[in-house]
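Enquirer: Build me a structure from this.
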Amino acid sequence: MGLVLEWIKNNGGAAAMDKLSLIKSRMIYDIIDKSNGFYVCPVERKNRSRMNVPFRIGSVKGDEALEKKFLEKAVELNMISLKGHRSVGGIRASLYNAVTVEDVQKLATFMRSFMQMHQS
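Expert: Residues are numbered from 1 along each chain as shown. Sure, this is the predicted structure:
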């Protein structure tokens, strides 16, 4: 734990981590919220996490075939561990402190292009 705390301190402290978590989560939630239902977050806005962003593709229950394509393409782009929890399925973007803004921008770009390719 000492190394993590040292890393946080060296990268601006708790205030910087708070600001970055807001920036990163907004990038993903904005895409979800502006997707006209292509991406759906099952969590009410007031209860949303900045650390873990769960979402489905196509509807609240999700289109499993489309979600599988999303996950496969993400792996091809070296984005791993996006599969949602086994009890709920879907997609989950974990935006931990060590995940950079650039990493999240890469995911956001992929989400936009995937939506453009598959939205009806």
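
Enquirer: Rounded mean pLDDT for stretch 85-104, please.
Expert: Averaging pLDDT along stretch 85-104 gives 93.

Enquirer: same check, this time on stretch 1-21
Expert: Stretch 1-21 shows a mean pLDDT of 91.

Enquirer: centre of the chain versus that stretch, how much separation?
Expert: 20 Å (CA atoms, centre = their mean, to the nearest Å).

Enquirer: before we move on, what about stretch 23-31?
Expert: Chain-centre distance of stretch 23-31: 8 Å, with CA atoms, centre = their mean.

Enquirer: For Y96, give me its contacts.
Expert: M51 (CB atoms under 8 Å, 6 or more residues apart in numbering). C-beta coordinates here come from the backbone N, C-alpha and C atoms, glycine included.

Enquirer: 10 Å instead, please
Expert: M17, S21, K24, M51, N52 (CB atoms under 10 Å, 6 or more residues apart in numbering).

Enquirer: Which members of these occur in strands, if any?
Expert: Of the positions in the contacts of Y96, N52 sit in strands, assigned by DSSP state E.

Enquirer: biggest helix in the chain by residues?
Expert: Counting residues, the longest helix found in the chain (DSSP state H) is helix 13-33.

Enquirer: tell me what that one is packed against?
Expert: helix 2-10, strand 39-40, strand 52-57, strand 91-94, helix 101-118 (3 or more CB pairs under 10 Å, 6 or more residues apart in numbering; DSSP states H and E).

Enquirer: let's go with 8 Å and repeat that
Expert: strand 39-40, strand 52-57, helix 101-118 (3 or more CB pairs under 8 Å, 6 or more residues apart in numbering; DSSP states H and E).

Enquirer: which residues touch that helix?
Expert: Here helix 13-33 makes contact (CB under 8 Å, 6+ apart) with 8, 11-12, 39-41, 48-51, 53, 55, 93, 95, 97, 99, 101, 104-105, 107-108, 111-112, 115.
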